[in-house]
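Undergrad: Here is a sequence together with a model predicted from it:
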Amino acid sequence: MVKSLQAYPSQVLLGLLHWLLVSTFVSTEEFLVKDHLFTPIKIKIGSETNLEKTSGSSAFNGVVSSKLMGITFDKSLEFSYNELAEATGNFSLANKIGQGGFGSVYYAELRGVKVAIKKMDMKASEVFLAELKVLTNVHHLNLVRLIGYAVEGSLLIVYDFIENGNLCQHLRDFSGKEPLSWSSRLQIALDSARGLEYIHEHTNPAYIHCDIKSANILLDKNLHAKVADFGLAKLVEVRTGFLQTQLVGTFGYMPPEYAKGGELSTKIDVYAFGVVLYELISAREAVVKYSEDSTTRAFGEDSTRAVGLVAMFEEVMNQPNPSTDLQKLVDPRLGEDYPIDSVCKIAQLAKACTLQNHVLRPSMRSVLVALTVTSITVQRGAGWFWV
């Protein structure tokens, strides 16, 4: 007979959690393409050699070249513009699958492999380089995988194609997609947390994503999540724990210390992740628009005010017994097919992640532990507990 998890000593539970967490970090080689199709990409930062010396592309002259001083590509795979243009039907609208602030994304089949190609203007060279540097240094199951790049005329990055679009599309029902079950939402939260915890704790150098949101969490055919879009990522300043920086990111996901003072630390990713947790519960946007006389979402020109999702949940979560009012915020497409205790636990975790004082927010490692415990207890039908 299988015992409930409460029956086991805390040391056993901690050991199990340690094994689960460690098992999510796999070797880099597992996520690099090693066959004849693609060559692994490696970047060395701070080398004396200029990229211009290792590439024959004239596109590195001028603005791009000046940004690439001190960066050497070793065994990198550079596609030609013509090959990528041909694969996308000359970047036709029929193959366009996404649009962002720095460029468009296209579907293609490249050398027999399904890929997504981001096409960026030359003026976005800093974002292009930031993403390229990060993705060549991080390799994890829950991060989107880099395949290659091109720098002729436009800046292009080639990724694995992730079949099921992004989390935002699933939550907002943009494409007639089936509503995500509660168990799928928990899995997506766990996958995303693994990816973030990896870049915060297990890479050298460590990174801050700076733009975590539901639109930057991609879902594969099995609805497992991969964190994407590292164009705004920053290096972690180890000595001070935070740094001052120019404001980048998405309104509604920015914590107060960053939005007001530009203070940057890993805790801004934690805050944004908390907003995503609230999105998973409610399927609402990070900033919710209301009509003057409505207590539900309004999607029209008559919207007169906007409320942050964090503030909306805080009002409920600060009650002595929030479960009744919390149910009113749950995505109606879930019907009654969710355990309210589970929703409460995720809402409590989201509240901790979005605390105004960044010092009091948990690390992504602690968030991952909490989500792992939550996932185990839900799957095994056990009660709730915290380690």
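TA: On my side now, so go ahead.

Undergrad: contacts, neighbours, all on C-alpha from now
TA: Noted.

Undergrad: Val115 - that's part of a strand, no?
TA: Yes: judged by DSSP: H, G, I helix; E, B strand; the rest coil, Val115 forms part of a strand.

Undergrad: Give me the neighbour count for it.
TA: If you count neighbours by other CA atoms under 10 Å, Val115 ends up with 22.

Undergrad: Can you pull up the most central residue in the protein?
TA: For the chain, the residue nearest the mean C-alpha position is Val227 (3.2 Å; CA atoms, centre = their mean).

Undergrad: if I read this right, it contacts Leu143, doesn't it?
TA: Yes: counting by CA atoms under 8 Å, Val227 does reach Leu143; the two are 4.7 Å apart.

Undergrad: Overlap in contacts, these two.
TA: Common contacts of Val227 and Leu143 (CA atoms under 8 Å, 6 or more residues apart in numbering): Gly195.

Undergrad: Bridging across strands, which residues link to Leu235?
TA: As for beta bridges, Leu235 partners with Tyr207 under DSSP bridges.

Undergrad: distance of it from Lys96?
TA: Distance of Leu235 to Lys96, computed by CA to CA, to the nearest Å: 31 Å.

Undergrad: what does Leu180 give?
TA: According to CA to CA, Leu180 and Lys96 sit 24 Å apart.

Undergrad: Pick out whichever of the two has more residues nearby.
TA: Shown here are Leu180 and Lys96; by other CA under 10 Å, Leu180 has more neighbours (20 against 17).

Undergrad: who touches the more buried one in this structure?
TA: His170, Leu171, Leu334.

Undergrad: try 7 Å this time
TA: Counting by CA atoms under 7 Å, 6 or more residues apart in numbering, Leu180 touches His170.

Undergrad: And the one 5 residues further on, by the same measure?
TA: With contact set as CA under 7 Å, 6+ apart, Arg185 has these partners: Leu280.

Undergrad: Just the element for it, please.
TA: If you go by DSSP states H and E, Arg185 is part of helix 182-201.

Undergrad: how about that helix: buried residues?
TA: Buried residues in helix 182-201, counted by 16 or more other CA atoms under 10 Å: 182, 184-200.

Undergrad: what residue ranges in the stretch 251-387 of the chain score low on pLDDT?
TA: Counting by pLDDT under 70, the stretch 251-387 of the chain has low-confidence residues at 290-304, 378-387.

Undergrad: hey, where'd the strands end up in it?
TA: 263-264, 287-291, 303-308 (DSSP state E, counting those that start in this stretch).

Undergrad: so what's the backbone phi/psi at Lys96?
TA: With angles defined as degrees, to the nearest 10, Lys96 sits at phi -80, psi 130.
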